[in-house]
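K.L.:
Show me how the following folds:
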Amino acid sequence: MLRLNTSTGQFEQVEETALKDKKLLERYDLQKAIVSSWEVFKNEIGLPAAFLIGQEINPDSSTQNALDILAYDAETSSLIVIELKRDRNKLQLLQALSYAAMVSRWDSKILLSHIQRNLNPEYEELVEIISNTSLSSDVRVVLVAEGFDPEVIITANWLNSNYEVDIAAFAVEL
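P.N.:
Model prediction:
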């Protein structure tokens, strides 16, 4: 990655580092940054109509695991499962798809019970939107990591092109 030095008018190499090298964690650093800058993040990934539902949400009573971030797309009345990894992890896609399958069975009442009011400045508007629309069983999956193994991207593309599963992968650099 290059940075333009406006003083010299030249590009400079930016030193790359890994989240792990800087002792940054998925939940306490990456997730916190996304949640605290939700407006900027949702626009950057092309989801301007997305409302934050919450973080660390248990998608089903059959599991003790929690999905990283859950959002709601007001344009499509669908949920968005956002799964974070600080480095490459082949199981990230499987984990996100499992969570998506679990929340796809939710209805509006269940969704309303999971909204974390303290994270959502538009709580009243969100409740009104969800209360007045039917929740789609289609769930978007957003993967965020420092990098992705080819198997993850190939599988995501295959699921999207053959089965219309809405999956996006975004790499973050530090």
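K.L.:
mind checking the backbone torsions on the closest residue to Ile82 other than its chain neighbours?
P.N.:
Excluding its sequence neighbours, the residue lying closest to Ile82 (Cβ to Cβ, 6 or more residues apart in numbering) is Ile69, at 3.9 Å. (C-beta placed from N, C-alpha, C; glycine too.) The phi/psi pair for Ile69 (degrees, to the nearest 10) reads phi -140, psi 140.
K.L.:
Please report the distance of Ile69 from Trp106.
P.N.:
16 Å (Cβ to Cβ, to the nearest Å).
K.L.:
who's more crowded, those two?
P.N.:
Ile69 (23 against 19; other Cβ atoms under 10 Å).
K.L.:
Verify the stated contact: the more buried one with Leu84.
P.N.:
Yes - using Cβ atoms under 8 Å, Ile69 is in contact with Leu84, at 7.3 Å.
K.L.:
Now do the buried residues in stretch 77-93.
P.N.:
77-86, 89, 92-93 (16 or more other Cβ atoms under 10 Å).
K.L.:
mind saving the C-alpha coords of it as CSV?
P.N.:
Extracted in CSV, the C-alpha atoms of stretch 77-93 (Å, rounded to 0.1, in the frame of the first residue of the first chain):
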residue,chain,number,x,y,z
SER,A,77,-36.1,-6.6,5.1
SER,A,78,-33.3,-9.1,5.6
LEU,A,79,-30.7,-9.8,8.2
ILE,A,80,-27.0,-9.4,7.7
VAL,A,81,-24.6,-11.7,9.6
ILE,A,82,-21.2,-10.1,9.9
GLU,A,83,-18.4,-12.5,10.9
LEU,A,84,-15.0,-11.2,11.8
LYS,A,85,-11.6,-12.9,11.9
ARG,A,86,-8.3,-11.1,12.6
ASP,A,87,-6.4,-13.4,10.3
ARG,A,88,-7.2,-16.1,7.7
ASN,A,89,-9.5,-18.8,8.9
LYS,A,90,-11.1,-21.4,6.5
LEU,A,91,-13.9,-22.0,9.0
GLN,A,92,-15.1,-18.4,8.9
LEU,A,93,-17.4,-19.0,6.0
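K.L.:
Just give me how far it sits from the chain centre.
P.N.:
In this view, stretch 77-93 has its centroid 6 Å away from the chain centroid, taken as Cα atoms, centre = their mean, to the nearest Å.
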